[in-house]
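>>> next input, structure requested:
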Amino acid sequence: MKNRILVALALASSTLTGTALVANHHAMANPTVGGAAMFPAKTIAENASAAPNLTTLVAAVKAAGLVETLASPGPFTVFAPTNDAFAKLPAGTVETLVKPENKATLTSILTYHVVAGKLTSKDIVKAIKAGGGTATLNTVAGGTLSAKLVGKDVIVTDAKGGMSKVTTVDVMQSNGVVHVIDSVLLP
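This is a model prediction of the structure:
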């Protein structure tokens with residue numbers, strides 16, 4: 001009986017330790033976003049919904065009807081603006097964009113933040129170096145973004161000349177990768 005209890009305790013202990021190691025591995029492998037854990041086995045849509053600093057983006061994605069797209073296999077590279085990034089827009093902009101009559105404009109803005117394929121920060125930096133200091137990224141909206149290095153930071157510039165700093169890189173998802181940015185990009 002005593003041996004069974006010791007074996008049970010040893011198994012329970014190794015299971016808990018193994019679970020902690022797996023949890024720590026995932027936590028180390030993926031940065032948190034807004035303090036929320038991001039899980040590589042979840043989709044972009046699922047992980048974004050868990051991040052408290054991406055609630056405006058999630059609301060916009062829902063209003064544009066893009067949740068299914070960001071839950072699809074992809075792969076996608078998403079430059080995800082935070083709530084603070086949306087707050088930089090002129091007052092009333094977000095409220096106007098999420099109205100049903102502005103769905104096409106909202107969709108074009110959101111898909112301008114998405115590049116087909118999975119581009120890690122290493123891939124983007126490699127493309128910047130190969131491009132002589134600038135990488136051109138084609139968005140699924142049909143526009144282009146420019147990426148360059150300023151010190152160690154990746155700066156993404158939109159078609160209007162607006163610049164956004166990548167603040168969190170390589171948030172791996174089951175259907176791509178997310179890079180969190182500090183400004184909304186406009187086509």
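
>>> okay, stretch 131-141 in PDB with CA atoms only?
This file holds the C-alpha atoms of stretch 131-141, laid out as PDB (Å, rounded to 0.1, in the frame of the first residue of the first chain):
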ATOM      1  CA  GLY A 131      16.500  45.400 -49.900                       C
ATOM      2  CA  GLY A 132      19.400  47.700 -49.000                       C
ATOM      3  CA  GLY A 133      17.700  49.000 -45.900                       C
ATOM      4  CA  THR A 134      14.000  48.700 -46.900                       C
ATOM      5  CA  ALA A 135      11.700  45.800 -47.400                       C
ATOM      6  CA  THR A 136       8.500  46.100 -49.300                       C
ATOM      7  CA  LEU A 137       5.700  44.000 -47.900                       C
ATOM      8  CA  ASN A 138       2.600  43.300 -50.100                       C
ATOM      9  CA  THR A 139      -0.600  43.300 -48.000                       C
ATOM     10  CA  VAL A 140      -3.700  41.200 -48.700                       C
ATOM     11  CA  ALA A 141      -5.600  44.500 -49.300                       C
END
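
>>> burial count for the closest residue in space to Thr157 that isn't next to it in sequence?
Closest residue in space to Thr157, ignoring its immediate chain neighbours: Ser146 at 4.4 Å, by C-beta to C-beta, 6 or more residues apart in numbering. Placement of C-beta: from N, CA and C, glycine included. Neighbour count of Ser146, defined by other C-beta atoms under 10 Å: 17.

>>> swap in Gly74?
Gly74 has 20 nearby residues by other C-beta under 10 Å.

>>> pretty sure Leu57 belongs to a helix, no?
Yes. Counting by DSSP: H, G, I helix; E, B strand; the rest coil, Leu57 is located in a helix.

>>> show me the contacts for it.
Contacts of Leu57 were listed using C-beta atoms under 8 Å, 6 or more residues apart in numbering, and they are 48, 80-83, 86.

>>> where does pLDDT dip in the chain?
Segments of the chain classed as low confidence (criterion: pLDDT under 70) are 1-28.

>>> what comes up buried for the lengthiest strand in it?
Longest strand in the chain, counting residues (DSSP state E): strand 163-173. Neighbour counts over strand 163-173 (16 or more other C-beta atoms under 10 Å) mark 164, 166-173 as buried.

>>> between all of those residues, which two are separated the most?
Ser164 and Met172 (20.5 Å; C-beta to C-beta).

>>> the residue nearest to Thr157 contacts Gly133, correct?
No. Taking contacts as C-beta atoms under 8 Å, Ser146 lies outside contact range of Gly133: 10.0 Å.

>>> need the three-state assignment for the residue nearest to Thr157.
Ser146 is classified as strand under three-state DSSP.
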